[in-house]
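[1] I'd like to go over a predicted model; first the sequence, then the structure.
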Protein chains: 2
Amino acid sequence: MTTDNKPTLAILGGTGDLGTGLAQRWAQAGYRVIIGSRSLEKAQAAVDDLHEVMAERGVGGVEVAAMDNLAAAETAEIVTLTVPFSHQASTLEAVKPALQGKILIDVTVPLMPPKVGRVQLPEAGSAGQIAQDLLGEDVHVVSAFQNVPATALQQAAPPDCDVLVCGNSREAREAVIELVEAAGMRGFHAGMIDNAAAAEALTSVLIVINKQYKCHAGIRITGTDEH
Amino acid sequence: MTTDNKPTLAILGGTGDLGTGLAQRWAQAGYRVIIGSRSLEKAQAAVDDLHEVMAERGVGGVEVAAMDNLAAAETAEIVTLTVPFSHQASTLEAVKPALQGKILIDVTVPLMPPKVGRVQLPEAGSAGQIAQDLLGEDVHVVSAFQNVPATALQQAAPPDCDVLVCGNSREAREAVIELVEAAGMRGFHAGMIDNAAAAEALTSVLIVINKQYKCHAGIRITGTDEH
């Protein structure tokens, strides 16, 4: 296990189910991972939990650190945002200077509680577009991971689902697809950042399916053969 | 093969790839199918083609008729609309009186040529919602089949994909899921009609994937086990 030549990753709002799931998979794949939170104490607790999970799996030598969101964004080369939609804009505003020139992986889903099973896309079209507009074009916003059940990320086995990867820079999408694969999944180029609307809308559909069929649903892309 | 107890189905704009694919599968499953078109001549040609395909497959006794769209909508119990987005409203206006009390399966995808790989949802949120608004609440609009490759429908083998089924009436969704299964696929309750936005947006993503990976992509829902 090595972190040579691998970018350092930060996960802002990384103490939630999705953030900790991604942190586990990337740390286990040999990436240095920084769990960011508004509360350093919470971030540290998430790091401690992660070490416990790794110990249970018999995985040693993972490199995980706790920081506040701004320090995490400053330190990392690729930054992932996993906060509720209501905190997306304020979190990004707070770290915007630290993201210039970097890739921001936006995992935000514009759910509107209490009707989280109802597609209610924002006026800008998507949360991914909101992030891109807010951060400006010097930040490569890439939308991904909206349709992965957090429970599946937290298992040792690879999640039985694929990831749609949207963003205006092909190179940035490629970098994110590499991280998707490091997390045990297949990633697909899914178009420019405005296509994030599809994955974001699909999350509400998956919530409906989960409730209906008592499950943790994801999606697979079929018909592509191996590539 | 029998049409007893099975509703008569009409497919408006049924001469395109998707419409003829659905017509083939439903006819082969024992449904009486009416192919509707603005041109009776085109509808008849599609019926002739369908008989040819059935003959090649060694399937006899299918019941398929050609009519203009209005007569098709009047005759059928469940009506499917497979026209380009630009013809959705005008086609529905023309047959609206014939649809009252019936199920309208809307397969419309709001693609905006030339950028068909870019998600550009209409102001109403989705084409499904447009249909529901236009037809009024006495028509049970159910959105389905947006993510099924037409080529897959036209093969003898079942398509390797699932179908998201959205609509405000659970009973109507159930009836459509039965038709999805008759066509050889799994259908999932995916929420109210506004959730059609998810499947419609996903079509642009699948178009991007098709171009990128030279394939005919579809989706599968994972994590639900058998149901």
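    Yes, it's here. Numbering: from 1, shown residues only, chains lettered A, B, ... in the order given.

[2] Which residue ranges of chain A form strands?
    A:9-12, A:33-37, A:64-68, A:78-81, A:103-106, A:140-143, A:162-167, A:186-189, A:218-222 (DSSP state E).

[3] Put the alpha carbons of the fourth one into PDB.
    Backbone C-alpha positions of strand A:78-81 (Å, rounded to 0.1, in the frame of the first residue of the first chain) are rendered in PDB as follows:
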ATOM      1  CA  ILE A  78      -8.900  16.700  -5.200                       C
ATOM      2  CA  VAL A  79     -11.700  17.700  -3.000                       C
ATOM      3  CA  THR A  80     -15.100  15.900  -2.600                       C
ATOM      4  CA  LEU A  81     -18.200  17.600  -1.200                       C
END
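
[4] Can you list the strands that it pairs with?
    Sheet pairing of strand A:78-81 (DSSP bridges) gives strand A:9-12 (parallel), strand A:103-106 (parallel).

[5] chain center to that strand, what's the gap?
    7 Å (Cα atoms, centre = their mean, to the nearest Å).

[6] residues in contact with that strand?
    A:7-14, A:19, A:22, A:72-73, A:88, A:91-92, A:95, A:98-99, A:102-108, A:131, A:175-176, A:179 (Cβ atoms under 8 Å, 6 or more residues apart in numbering or on different chains). Glycine gets a C-beta too; all of them are placed from N, C-alpha and C.

[7] what about the lowest-mean-pLDDT helix or strand in chain A, near chain B?
    Every helix and strand of chain A was ranked by mean pLDDT, DSSP states H and E. The lowest is helix A:150-153, at a mean of 94. Yes: residues of helix A:150-153 are located near chain B by Cβ under 8 Å from any Cβ of the partner chain, namely residue A:152.

[8] which strands and helices sit next to that helix?
    Contacts defined by 3 or more Cβ pairs under 8 Å, 6 or more residues apart in numbering or on different chains; DSSP states H and E place helix A:150-153 against helix A:17-28.

[9] So, low pLDDT: which residues of chain A?
    Filtered on pLDDT under 70, chain A yields the residue ranges A:1-3, A:226-227.

[10] show me where it has helices.
    A:17-28, A:40-56, A:69-75, A:85-99, A:127-135, A:150-153, A:170-182, A:196-213 (DSSP state H).

[11] For those, give me JSON lines that also has distance to residue B:154 and mean neighbour count.
    Below are the helices of chain A laid out as JSON lines (distance: least, Cβ to Cβ, whole Å; neighbours: other Cβ atoms under 10 Å in any protein chain shown):
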{"stretch": "helix A:17-28", "distance to residue B:154": "39", "mean neighbour count": "23"}
{"stretch": "helix A:40-56", "distance to residue B:154": "48", "mean neighbour count": "16"}
{"stretch": "helix A:69-75", "distance to residue B:154": "50", "mean neighbour count": "22"}
{"stretch": "helix A:85-99", "distance to residue B:154": "41", "mean neighbour count": "17"}
{"stretch": "helix A:127-135", "distance to residue B:154": "35", "mean neighbour count": "23"}
{"stretch": "helix A:150-153", "distance to residue B:154": "34", "mean neighbour count": "18"}
{"stretch": "helix A:170-182", "distance to residue B:154": "32", "mean neighbour count": "18"}
{"stretch": "helix A:196-213", "distance to residue B:154": "25", "mean neighbour count": "25"}
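
[12] out of those helices, nearest to residue B:211?
    Nearest to residue B:211, of all these, is helix A:170-182, at 13.1 Å by Cβ to Cβ.

[13] between the closest one and helix A:17-28, how many degrees?
    80 degrees (axes from the mean of the first three to the mean of the last three Cα atoms, to 10 degrees).

[14] neighbouring contacts of helix A:170-182?
    Taking Cβ under 8 Å, 6+ apart as the rule, helix A:170-182 contacts A:7, A:9, A:25-26, A:29-31, A:78, A:103, A:105, A:140, A:142, A:144-145, A:163, A:165-167, A:186-189.

[15] residues contacting the closest residue to residue A:27 other than its chain neighbours?
    In this structure, residue A:27 finds its nearest non-sequential neighbour in residue A:62, 4.2 Å apart by Cβ to Cβ, 6 or more residues apart in numbering or on different chains. Residue A:62 sits next to A:1, A:27, A:28, A:33, A:50, A:51, A:54 when contact means Cβ under 8 Å, 6+ apart.

[16] Residue A:103 too?
    Residue A:103 touches A:77, A:78, A:79, A:139, A:140, A:141, A:142, A:172, A:175, A:176, counting by Cβ under 8 Å, 6+ apart.
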